[in-house]
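K.L.:
fold the following for me, if possible:
(chains A and B)
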Amino acid sequence: MDLLNGLMMVLTPEYLAYSFIGCLVGTLVGVLPGVGAASAVAILFPFVTVFPPTGMIITMAAIYYGAQYGGSTTAILVNVPGEVSSMVTAMDGYEMTKQGKAGPALAMAAISSFIAGIVGAIMVSLVGPSVARLALLFGPAEYLGLGLFSLTAIAALAGSSLTRAILVTLFGMMMASVGFDDSSGLPRLTFGTTALLQGFDLVPVMIGLFGIGEVLASLREQSSPITTKIGKLMPDRSEMRAGLGATGRATGICLILGLLPGMMPSIGSFISYSIERYRSRTPQRFGRGAIEGVAASEAANNATAMANLIPLLGLGIPTGPTMALMLAAFTMYGIVPGPLLFTQQGPLVWALIASFFVGNVILLILNLPLVGLWVRLATIPYPILAPIILVICLVGAYSTRNTMFDVWTCALFGMLGWSMRQRGWPIAPLVIAFVLGPMIERAGRQFIAISPDLLLHRPAFWFFILLGVAVVWLSHRFTIRGELTD
Amino acid sequence: MQDSVTEFTATDSSQSRYSATALLSFIDVLLLLLVGFAGIADGLRIILTKTDTVGSASAGGWLVLLGGLLGIGIFKLVRKQEIRSEQDTSTIDDEGHFWLPVTALAMLLIYIALINPLGYTLATLLFMAIYLRVFGKYGVLKIATISIAFALGSSWLWAAMDMMLPQGILPWP
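P.N.:
Residues are numbered from 1 along each chain as shown, chains lettered A, B, ... in the order given. Sure, this is the predicted structure:
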């Protein structure tokens, strides 16, 4: 019933327009080389703050999955992945294009994304409220355990070295401590300067790390000329059967994996692709134009993106950088994601969930007819594109609080983001630590003030700690670490 | 003979590359150490000097804990010799890949410094023009067209979105 109400709300012209704008702009930014989904949301975040709360959240979500969608189009046609998860799509998608099968590859990518998106939206609507009800039982000890588990999981999954990921996590927590301490009101790490008293805001930090950092890291990349013809669009019956099978498996796996903090769409894509290749009778076809590869990758990144929303909406825990920005969008309007979100902000949440259904339909309609336009955009020379993105990044950073301090913060973190990419330091743990650091500190200080012995009597805390250890062990065991970060 | 000459040259250049890589690795560790040290120092300052404030011990203790853990992590990293990564060598190997972003970053910093005194429109126009000249190697007419169109167009757009940007010496729009 709630979902139906949400659907009725989203189908009004105003909210349809928000969904459409988000999908269009997200796809537009997603096709640009060197601008991934996280960067797209970070760069465009300040500009959608002019919308009312529900409109803004719907637009941001649409930008997120629109950017993921857009990344796959250019990955298939010109081998220019807009983001990391599209790299997996490019492996087989571009090979299909070279074989004259660009149409079926694009159609399968669209169909797989659509199916995974719709199934994911159904799962969010079914599981989200239950997770929120469960979280009502959580106290400081459970939130401390959950926060530590999230940081451990993201550190284990996001880098080639656990030590490096942990160091980045600690660095992020330290950066989050700059400014006034909420509990005591004392300034920390400000060194007597007034500028640092306000602390670092998440938006300039994210724009810097992802927007500026990615542009600087992509400066050498050149656009490829368009030399492809799309040809017939729909896959034949055998291709469709193979693709749909892969879509089903990838969706199922990634809807579960996506609940884990640190399990970003790119990791889901790599895992699903590997599973498809492993179970195939002809694994040698993978990397040479196997339609299952395209389907698995696209379904996986959409399913993971949808599943990522469940911990955010139900627990208030972001699973990746984009979710951290979604959290910032909620808090900007005084809305706190977590246990009470479904009861206190029911219309907003259900409108958001309903917008996923509408958004996926819009993307399906929008993407295939506009393929030519997206490809042309992807081949805009980078020397023209880069300064435009850089200026937009700085304007976005400035507009969050109208202060030049945020612009300098953005540039500083941009430099840091580029340097970290170049030198193999994972970025995702920094962002998540920056967001979760204050929550972990608050929970830790609360239960220490009550009684540290309390921890012994909170099994949920130990459950999360054990879960964290298990994720570290599993990530080590299956070596799904490395270059699998957003 | 030819092989040995080639080998000697390669060793010589790899030595200089190694020293540059080592320097960059040193910067990583130095930055993290500095942050860790700052955390411990500020945490201790709060604990020792703000004794009359409720919650000062835990506020400072948190920084000391983070700083201490950073120190332990750096020690472990150095011991495991994980400072250098595969990406390090690629950074130094490809000089273009290293200097292009550095140049862009320098231009970006100068642009930020100029936004307040010159205003958004003029600073953006200059930034775009110089960037396109340095990186795009386009002709004057194309550079002027793109720079002016973007600077004026974006100024108008931000104003239409009620964004208040520094106006400097050219208060437009």
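
K.L.:
and residue B:72, how far from residue B:40?
P.N.:
Between residue B:72 and residue B:40 the computed distance is 12 Å (Cβ to Cβ, to the nearest Å). No exception for glycine: its C-beta is placed from N, CA and C like everyone else's.

K.L.:
so between these two, which is more surrounded?
P.N.:
residue B:40 (19 against 14; other Cβ atoms under 10 Å in any protein chain shown).

K.L.:
name the helix or strand for the spatially closest residue to that one that is not a sequence neighbour, please.
P.N.:
Sequence neighbours aside, residue B:67 is the residue nearest to residue B:40 in space, at 3.6 Å (criterion: Cβ to Cβ, 6 or more residues apart in numbering or on different chains). Under the criterion of DSSP states H and E, residue B:67 resides in helix B:56-79.

K.L.:
list the helices and strands that helix packs on?
P.N.:
helix A:162-176, strand A:187-188, helix A:428-450, helix B:2-49 (3 or more Cβ pairs under 8 Å, 6 or more residues apart in numbering or on different chains; DSSP states H and E).

K.L.:
show me the shaky parts of chain B.
P.N.:
When residues are selected by pLDDT under 70, those of chain B lie in B:1-25, B:81-97.

K.L.:
domains for it, by residue range?
P.N.:
Following the assignment in automatic domain parsing, chain B carries domains at B:2-92, B:94-160.

K.L.:
in a markdown table: the ones you listed, plus distance to residue A:354.
P.N.:
Formatted as a markdown table, the domains of chain B follow (distance: least, Cβ to Cβ, whole Å):
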| stretch | distance to residue A:354 |
| --- | --- |
| domain B:2-92 | 41 |
| domain B:94-160 | 30 |
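
K.L.:
report the buried residues of stretch A:185-192.
P.N.:
Going by neighbour count (16 or more other Cβ atoms under 10 Å in any protein chain shown), the buried part of stretch A:185-192 is A:186, A:187, A:188, A:189, A:190.

K.L.:
farthest pair in these?
P.N.:
A:186 and A:189 (10.7 Å; Cβ to Cβ).

K.L.:
pull up the gap between residue B:121 and chain A, please.
P.N.:
For residue B:121, the distance to chain A equals 11 Å [Cβ to the nearest Cβ, to the nearest Å].

K.L.:
cool, and residue B:119?
P.N.:
On the measure of Cβ to the nearest Cβ, residue B:119 and chain A end up 13 Å apart.

K.L.:
report how many residues lie close to the closest residue to residue A:290 other than its chain neighbours.
P.N.:
Spatial nearest neighbour of residue A:290, excluding adjacent residues (Cβ to Cβ, 6+ apart): residue A:92 at 5.0 Å. By other Cβ under 10 Å, the residues close to residue A:92 number 29.

K.L.:
residues contacting residue A:92?
P.N.:
A:105, A:286, A:287, A:288, A:289, A:290, A:291, A:292, A:293, A:294, A:297 (Cβ atoms under 8 Å, 6 or more residues apart in numbering or on different chains).

K.L.:
name the helix or strand for it, please.
P.N.:
Residue-wise, residue A:92 maps onto helix A:84-98 under DSSP H and E.

K.L.:
show me which residues of the helix or strand immediately after that helix in the chain are buried.
P.N.:
Elements were assigned by DSSP H and E; along the chain past helix A:84-98, the next helix or strand is helix A:102-135. For helix A:102-135, the neighbour count (16+ other Cβ under 10 Å) marks A:102-125, A:127-129, A:131-132, A:135 as buried.

K.L.:
what's the closest of the contacts of residue A:92 to residue A:376?
P.N.:
Using Cβ to Cβ, these come closest to residue A:376 at residue A:105, 18.5 Å.

K.L.:
excluding chain neighbours, what is closest to the closest one?
P.N.:
Using Cβ to Cβ, 6+ apart, the closest residue to residue A:105 is residue A:96 (4.0 Å).

K.L.:
from memory that neighbour sits against residue A:102, does it?
P.N.:
Yes - distance between residue A:96 and residue A:102: 6.6 Å, which falls inside the contact criterion (Cβ atoms under 8 Å).

K.L.:
now for these two: what residues contact both?
P.N.:
With Cβ under 8 Å, 6+ apart, residue A:96 and residue A:102 have common neighbours residue A:76.

K.L.:
just to revisit the earlier point, pick the most buried one from the helices and strands packed on helix B:56-79.
P.N.:
Among the helices and strands packed on helix B:56-79, helix A:162-176 has the highest mean neighbour count (mean count of other Cβ atoms under 10 Å in any protein chain shown), at a mean of 25.

K.L.:
downstream of that one, the next helix or strand is which one?
P.N.:
Next along the chain from helix A:162-176, counting by DSSP H and E, comes strand A:179-180.

K.L.:
quick check: can you name the pairing partners of that following strand and their directions?
P.N.:
Sheet pairing of strand A:179-180 (DSSP bridges) gives strand A:187-188 (antiparallel).

K.L.:
ok so, going back, could you identify the most distant pair in the contacts of residue A:92?
P.N.:
Greatest spatial distance in the contacts of residue A:92: A:288 and A:297, 14.8 Å, computed using Cβ to Cβ.

K.L.:
ok, those two, which is more surrounded?
P.N.:
Neighbour count, other Cβ under 10 Å: between residue A:288 and residue A:297, residue A:297 has more, with 34 against 14.

K.L.:
can you give me phi and psi for that one?
P.N.:
Dihedral pair for residue A:297: phi -60, psi -50, per degrees, to the nearest 10.

K.L.:
now residue 129: closest residue in space, sequence neighbours ignored.
P.N.:
In the absence of a named chain, chain A is used. residue A:342 (4.9 Å).

K.L.:
wait, I meant chain B there
P.N.:
Leaving aside its sequence neighbours, residue B:129 sits nearest to residue B:147 (Cβ to Cβ, 6+ apart; 4.2 Å).
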